[in-house]
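Asks: Got a sequence here, can you model it:
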Amino acid sequence: MNFFQKYGGPDFWSKFLNVFYTRITSSEHLSKHFIGKDIDYIKSMLIGLLEVTLVTEGHYPEDSLREGHKSMGISMEDFEVWISIYTSTLSDSGVSDEDANIIISLIQSYRHCIVTKP
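Replies: Down below sits the predicted model:
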């Protein structure tokens, strides 16, 4: 069974993203990236990304990720804080450590598309 379905499909991941975005929009370090952004739209896009990567173990189009993040000015430190919050949210949501490590590795593989500042 794939990770997307293993934890409950769209309902589980939607709840996960609600908790995650509450945390990152409250983060002193990351909240600046979400001022004036449509969080519901971002979450709906991420459900699609999660489904593509966790169901098929496919690769999300890097050009789309790069284009979506190029004007955000995301630094390596921002990315690391984001990963830390994502990891803790996976854990708090009941995702096993082994599965969380695999999911985080998938996300880490997109670092070069997301980080735009040294």
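Asks: Now do Leu65 against Ser93, distance only.
Replies: 23 Å (CB to CB, to the nearest Å). To be clear about C-beta, it is placed using only N, CA and C from the backbone, and glycine gets the same treatment.
Asks: Correction: the previous question concerned Tyr21.
Replies: For Tyr21, the distance to Ser93 (CB to CB) stands at 13 Å.
Asks: Show me which of the two is the more surrounded one.
Replies: Tyr21 (19 against 16; other CB atoms under 10 Å).
Asks: Show me what counts as buried in whichever strand or helix holds Leu90.
Replies: In this assignment (DSSP states H and E), Leu90 forms part of helix 76-92. Of the residues in helix 76-92, 78-79, 81-82, 85-87, 89-90 count as buried by neighbour count, 16 or more other CB atoms under 10 Å.
Asks: what packs against it?
Replies: helix 9-26, helix 97-108 (3 or more CB pairs under 8 Å, 6 or more residues apart in numbering; DSSP states H and E).
Asks: Quick check: which of the ones you listed is nearest to His33?
Replies: Among these, the nearest to His33 by CB to CB is helix 9-26 (8.2 Å).
Asks: Report the separation between the most far-flung residue of the chain relative to its centre and Leu49.
Replies: Computed with CA atoms, centre = their mean, the residue of the chain farthest from its C-alpha average is Met1, at 20.9 Å. Distance, Met1 to Leu49, using CB to CB: 19 Å.
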